[in-house]
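just the structure for this:
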Amino acid sequence: MAARGHVQDPNDRRLRPIYDYLDNGNNKMAIQQADKLLKKHKDLHCAKVLKAIGLQRTGKQDEAFSLAQEVTTLEPTDDNSLQALTILYREMHRPELVTKLYEAAVKKVPLSEEYHSHLFMAYARVGEYKKMQQAGMALYKIVPKNPYYFWSVMSLVMQAISAKDEKLAQTMFLPLAERMVEKMVKEEKIEAEAEVQLYFMILERLGKCEEALDVIRGPLGEKLTSELQSRERKCMMLYTRLERWPECNALAQKLLLKNPDDWQFYPSYFDSLFHLMDQSWSPPEDGEHCSEGSVHHTVAEVVRFVEERIKVEDEKDSRSLRGPYLARLELMHRLRERGYPEENLPGEPLDLMVQFFRKFGDKPCCITDLKIYLHLLSPDQHVQFINQLSEVVPLGEQGEDGFAFPEDTKSLQRHLCVCQLSRALGLHHSLDVSGKLRLIAELKAHYHHGLKFGSSALKTELQFSDMYCLMAAHVYIDLWTETGDEDMVWQCLGLLEEGLSHSSSNAQFKLLLLLLYCRLGSFEPVVDLYSSLDAKHIQHDTIGFLLTRYAESLGQFSAASQSCNFSLRFFHSNQKDTSEYIIQAYKYGAFEKIPEFIALRNRLNQSLHFAQVRTERMLLDLYLEADVVLSLEESVKAMSLSSEEDDVPWDTLRDNRDLTVFTNWDHKQRQLTDEHRTRSMEEETAWLRIRSLTLRLLASLTPSGHATSQQNSEMSNENGVGDRSSLHRSLLSQLNQTLHAAAQITEKQTQYPLLGPPSTRLASALSVGSCHCQAAALQLSVHLQELESAGLEILNKSKGDLLEMKESKLKTQPSLLENLVFFLETVSIVLWSASYCAKILRPLKTSLQKKKKKKKDANTSMPLVVCGYQELTGDLQDLLTQAVEHIRGQESGITALKLASLTLEGCSRVGEEESFTKAAMDKVQSSYLRSLQEVGDLLKKRAETIKNLKI
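This next block holds a predicted model:
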């Protein structure tokens, strides 16, 4: 008989087809196969769980959950069932159930290393740090391996980090963690770098810097090998915290001698110098200056040290390093900032910057290096500086148009750097209109000339001359904002579209196009531009606002829904992903990363953008579906929306927007300030509060929006039903207070730079009367009479030509589109409020009619409220008819526009350039039509719901 190999578990063979079906996404076949198997083998628990996974993935969550619970109550210990249940509960977003699963398994198989480690990871997913500590120690007792012991120590550190009481962290959790590590140190059981890193983290959090320094400089510090200069950087940080400036200075010197281009040590070197000077420190008369070596404690010594590094670079045959040259400028900046008399000891700023340009002007980074030191030049040196730089730039012969062009890419880079520095010094902004137009012509000529250098570049590569195109676009924007001439913005769009055709991966072209189209009220081209940016992970939070701010307000509801989903998908997956990152960090001993992952999760949960997108998405769903596809009550129920619960973390909201995402060469007076950021956050928060309260008030119009839970049981009366009217009044009061505060914010009329944060919809919502009309609608019957006139006023402010041609020039009024969307939102809220009134008034009217019949008195008049309601519904019908007709008129007017007949002034290369500009105009025209169609369709659907309001 042949020798038998590994015997496969027959159950594995039976389950294999189900696994294959699930892996291939064929869930129905997986369910059928599981049913067949269960008929033959009723006790095969794993088949039941795999069937539950199939049910979960086909949307039958309740059936899946009850099947899973059947198996869970049996407390299975076979690996297949446990793994399958873990997958199912994670897909259900119920990780807490996995912990119960493995708790039961560990009780039944107490010596299993695998089940204990799975239990630890299950606790890690739900952040149960105390139980993680216990599970880690239990695991170490069964299998005494170092990683398990340190899992327990790290869980103690996490208890300290998450503890609300800082005193508890400092007196209990961290000292206990320190003692646990010290025990291993004394027994010489420390094996890995991760264990030393964890010891260092504990000492650092306890503020024991001296002890941490001893660890880093001692034999344990030798294990820190995964990062270059890890020990040195940690020592530098500890010296700074201990304010041991001589050691800090001497160590920075040693490190800069090794690598004079390592910028991170120059700031430490200069900081330590100034601290030593402030303390009037002097070296001891004999012996070493300090444990790290000699100390430079005067400006002259530091200048000499930097000059020596520069001299070494100058004498090198190979390319010089930038670090020492930048260090000289940085030292000068710091000396001037402190008002030291030696500020010119390193040299004259203008000469030093010209020297830097001579050496590094052909590098793209030269502009960013010099830009931060331009303030060292006095205003009367600006033109002289640019002239001196221009002399260094080799250009060819002048052509017919009077422009001389560079002969190679290095010369092009130098010329480009001079142009960018001119703009950063404000020389472009000071030109008059004709000067700016001449500058645009020159920049465009350089751009088109430079394209020949990138003729063989790959599609994904940027053109060498792209920055000329971007700068010309910025000058066009200057002209548009200063003169109000819309021709400038059309030509700017054309130029950027042309730039994008040659350099399809240029993110700056896409971002600026996106911004300009949105400012013109055209959202259709923006969706493709944003998707082509291919925003990754955290960028959905940092730049997502560029898309979501305009989506709904410009009437493109389906695109708005899609853009909200983009962002929400990221935020929701963040929760799940972060847990996995934490588990991986435990597995591989990257303990210092765990607090970072937790901080990232908190940062995203507290994101202003997340709260905005969540609120806007729910409002959008209501405007699109409530009382059209589903009733308002069903819509509120489907969203699990409760008027009693406010899920926005108002006290900890964070502004994660990247407001410097646009390349910008504007001088200091035109740049975004801290005050702008603060005002923008204030405005965004006020608008979010209005939208959040509106959403909760809408939920309060339905019974399902008052679902009482254990948390809000104190708000319920004896019958267990929340007091709807008092809650509604409270929310209305909050809304009115918020509107009052918002009005004060808009009175400040903050003007943000064009490339700064976009203004919210707050000012337009208040000026058009939308917010107050919505608030009045939500006051229900009290204000029935006021609603129609307010609605008419909003519609009147939406009237006017969105796109018109005057003297062969195209004019836009995007604010009219935003006002139309406000009108639609307000009408929806008025209709929902009216529907709520109808439910109250119908029984009243019926009972009055019955009384009439009994008394046979024809003169009994209906109460004012009923008459007012009937008048309102009639007026609403007329108002919606007017609005639909207005939109129809706008659609036919825009469709009739013949954009081909437009003349464009200032187009030097008429044929190609004009075609790009007209393509941009076509996109705007098409986008307006799409917006009008979507708004019109929705208004028609709303008009149809009025017949349901009759009482």
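
the stretch 251-400 of the chain: helices as residue ranges?
With DSSP state H, counting those that start in this stretch as the criterion, the stretch 251-400 of the chain has helices at 265-278, 299-315, 323-337, 349-360, 366-371, 382-392.

then the stretch 101-250 of the chain?
113-126, 129-142, 146-162, 166-168, 174-186, 193-205, 209-217, 230-242, 245-258.

what sits up against the fifth one?
If I follow you right, that is helix 174-186. Contacts to helix 174-186, defined as C-beta atoms under 8 Å, 6 or more residues apart in numbering, come from residues 146, 149, 152-153, 156-157, 160, 190, 195, 198-199, 202-203, 205-206, 220. Any C-beta I mention is one placed from the backbone N, CA and C, and that applies to glycine too.

any chance of the helices of the stretch 101-250 of the chain in JSON lines, plus distance to Gln612?
JSON lines is the format used below for the helices of the stretch 101-250 of the chain (distance: least, C-beta to C-beta, whole Å):
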{"stretch": "helix 113-126", "distance to Gln612": "28"}
{"stretch": "helix 129-142", "distance to Gln612": "32"}
{"stretch": "helix 146-162", "distance to Gln612": "27"}
{"stretch": "helix 166-168", "distance to Gln612": "32"}
{"stretch": "helix 174-186", "distance to Gln612": "38"}
{"stretch": "helix 193-205", "distance to Gln612": "35"}
{"stretch": "helix 209-217", "distance to Gln612": "42"}
{"stretch": "helix 230-242", "distance to Gln612": "37"}
{"stretch": "helix 245-258", "distance to Gln612": "44"}
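
looking at those, which is nearest to Ser643?
Among those, helix 113-126 comes nearest to Ser643, with 29.1 Å by C-beta to C-beta.

in that closest one, which residues are buried?
Buried residues in helix 113-126, defined by neighbour count with 16 or more other C-beta atoms under 10 Å: 115-126.

that older thread, least confident of the helices of the stretch 101-250 of the chain, on average?
Here the helices of the stretch 101-250 of the chain differ in mean pLDDT, and the lowest is helix 166-168 at a mean of 88.

which one of the helices of the stretch 101-250 of the chain lies nearest to Ser640?
helix 113-126 (21.0 Å).

ok, residues contacting the closest one?
Against helix 113-126 from outside (C-beta under 8 Å, 6+ apart): 77, 79, 82, 86, 95-96, 98-99, 101-103, 105-106, 109, 129, 131-132, 135-136, 138-139, 142-143, 148, 151, 579, 582-583, 586.

now Leu816: how far from Glu804?
Applying C-beta to C-beta, to the nearest Å, the value for Leu816 to Glu804 is 11 Å.

likewise Ala64?
Counting by C-beta to C-beta, the gap between Ala64 and Glu804 amounts to 58 Å.

who's more crowded, those two?
Applying other C-beta atoms under 10 Å to Ala64 and Glu804 shows that Ala64 carries more neighbours, namely 22 against 14.

if we can go back for a sec, tell me which of the helices of the stretch 101-250 of the chain lies nearest to Glu552.
Each of the helices of the stretch 101-250 of the chain has some distance to Glu552 by C-beta to C-beta; the shortest is helix 113-126, at 35.3 Å.

report the angle between the closest one and helix 146-162.
Taking axes from the mean of the first three to the mean of the last three C-alpha atoms, to 10 degrees, one finds helix 113-126 and helix 146-162 inclined to each other by 20 degrees.

next, format the helices of the stretch 251-400 of the chain as a markdown table and append distance to Leu443, mean neighbour count and mean pLDDT.
Converted to a markdown table, the helices of the stretch 251-400 of the chain look like this (distance: least, C-beta to C-beta, whole Å; neighbours: other C-beta atoms under 10 Å; pLDDT from 0 to 100):
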| stretch | distance to Leu443 | mean neighbour count | mean pLDDT |
| --- | --- | --- | --- |
| helix 265-278 | 35 | 20 | 93 |
| helix 299-315 | 34 | 16 | 92 |
| helix 323-337 | 28 | 20 | 93 |
| helix 349-360 | 20 | 18 | 93 |
| helix 366-371 | 15 | 18 | 93 |
| helix 382-392 | 15 | 15 | 92 |
